[in-house]
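**Q** this is a predicted model, with the sequence first.
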Amino acid sequence: QLQLVESGGGLVQPGGSLRLSCAPSGFTLDDYAIGWFRQAPGKESEGVSCIGRSDGFTLYADSVKGRFTISRDNAKNTVYLQRNSLKPEETAVYYCAAGRVCSLNADYVHWGQGTHVTVSS
């Protein structure tokens, strides 16, 4: 069974930083574009960022440009989302997903279970 596992969530103060990781089980990430999504309590899911399969192409939601950085380490079979200057309204469950095309739309094939991030003082 193909799975994705997110890690790195937790509690962080406003203005702080956290790095999320996304690692697969049962397949290699370099065959896929990877997207990060988040769903805040009571809100719809939002595409945050994505990275292409092999060309380094990246996309960011306007709300996170300049603060979030997505990267991939194919040797470690892991994709990272570095998030800086976090805001309380970014409290959410963060999900990673694997698909064929880097897109902020939720048209991905494989999804993780999510990791909780709470931004609060």
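**A** Yes, it's here. Numbers count the residues shown, from 1 in each chain.
**Q** when you work out contacts or count neighbours from here on, use the C-alpha atoms and nothing else.
**A** Will do.
**Q** what's around Asp107, how many residues?
**A** The tally of other residues near Asp107 (other Cα atoms under 10 Å) stands at 14.
**Q** am I right that it falls within a helix?
**A** No. Per DSSP: H, G, I helix; E, B strand; the rest coil, Asp107 lies outside any helix segment and is coil.
**Q** could I get the pLDDT score of it?
**A** You'll see Asp107 listed with a pLDDT of 88.
**Q** if I look at it, how far off is Phe68?
**A** Going from Asp107 to Phe68 by Cα to Cα, to the nearest Å gives 21 Å.
**Q** so for this protein, the centremost residue is which one?
**A** Trp36 (2.8 Å; Cα atoms, centre = their mean).
**Q** any idea of the pLDDT on it?
**A** 98.
**Q** now swap in the one 10 residues further on and tell me
**A** According to the per-residue confidence, Glu46 scores 96 in pLDDT.
**Q** repeat that for Gln39.
**A** On pLDDT, Gln39 comes in at 97.
**Q** next one: the one 4 residues further on
**A** According to the per-residue confidence, Lys43 scores 95 in pLDDT.
**Q** make sure I have this right: it is in a strand.
**A** No. Read with three-state DSSP, Lys43 is coil and lies in no strand.
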